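Peer 1: What follows is a predicted protein model with its sequence.
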Amino acid sequence: MALQFRLRPLEPRDLDHLWTMNWDPLPRQISTFYLLCAIGHPRFCSVAVDGNGRIVAVLLTTVDEAGQWLYVNHLIVDESCRGGGVGTALMNNLESQCRAAGLRRIWLLTGVDVEPFYAVMGYRRDDSFMPPAARELMAARRPDALILSKVL
């Protein structure tokens, strides 16, 4: 049986549930920071809800100050729902919203193990916005991390 879910915007009432999700590998204080930022500016943030009303995925984002691009802070899909199209649906919905709002690019940080998921949707390695010192720091501290982007 196919996974049944619906997408909806992130709402403040979701915060209690989102704090119970598995945010690895981020420390709790960082995930809490992203959640609070998303609740404060939820325009492009969304959740996927299953037939029982349970949140099975969340997408948290930040828009740059000039309103030209968006950064995906987190895409988290409950382990029991991975491979069911939830993450792809959230990203496709986000891309549609960004195009409608005139945003030109989506950036995200991910691990090499998840790169194939994003590559299928057209995301490519691109750390061009990072100053050299930031690239060096990331390479030293997070060698398995990648910056990906997609021009819309």
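Peer 2: Received, thanks.

Peer 1: neighbours around Ala119, how many?
Peer 2: 12 (other C-beta atoms under 10 Å). Bear in mind the C-beta positions are built from the backbone N, C-alpha and C, glycine included.

Peer 1: For Ser96, report the pLDDT, please.
Peer 2: Ser96 is assigned 97 on the pLDDT scale.

Peer 1: swap in Asp24?
Peer 2: pLDDT, Asp24: 61.

Peer 1: again, but for Gly111
Peer 2: For Gly111, the pLDDT comes out at 86.

Peer 1: correct me, but it touches Leu146?
Peer 2: Yes. Under the criterion of C-beta atoms under 8 Å, Gly111 makes contact with Leu146 at 7.0 Å.

Peer 1: Look at these two and report which has more neighbours.
Peer 2: When neighbours are counted by other C-beta under 10 Å, Gly111 and Leu146 differ, and Leu146 comes out ahead with 20 against 11.

Peer 1: The more buried one: which element?
Peer 2: Secondary structure from DSSP states H and E places Leu146 in strand 145-151.

Peer 1: Please compute how far that strand lies from its chain's middle.
Peer 2: Put simply, strand 145-151 sits 12 Å off its chain's centre (C-alpha atoms, centre = their mean, to the nearest Å).

Peer 1: Could you do stretch 126-133 as well?
Peer 2: With C-alpha atoms, centre = their mean, you get 20 Å for stretch 126-133.

Peer 1: any residues touching it, and which ones?
Peer 2: 107, 135, 138, 147-149 (C-beta atoms under 8 Å, 6 or more residues apart in numbering).

Peer 1: For Leu18, state which of the residues you listed is nearest.
Peer 2: Trp107 (22.0 Å; C-beta to C-beta).

Peer 1: a strand runs through that closest one, doesn't it?
Peer 2: Yes. Counting by DSSP: H, G, I helix; E, B strand; the rest coil, Trp107 falls inside a strand.

Peer 1: For burial, what's the neighbour tally of it?
Peer 2: 21.

Peer 1: Also the one 10 residues further on?
Peer 2: Residues near Phe117, counting by other C-beta under 10 Å, number 17.

Peer 1: Just read off the phi/psi values of it.
Peer 2: Torsion angles at Phe117 (phi, psi; degrees, to the nearest 10) stand at phi -60, psi -50.
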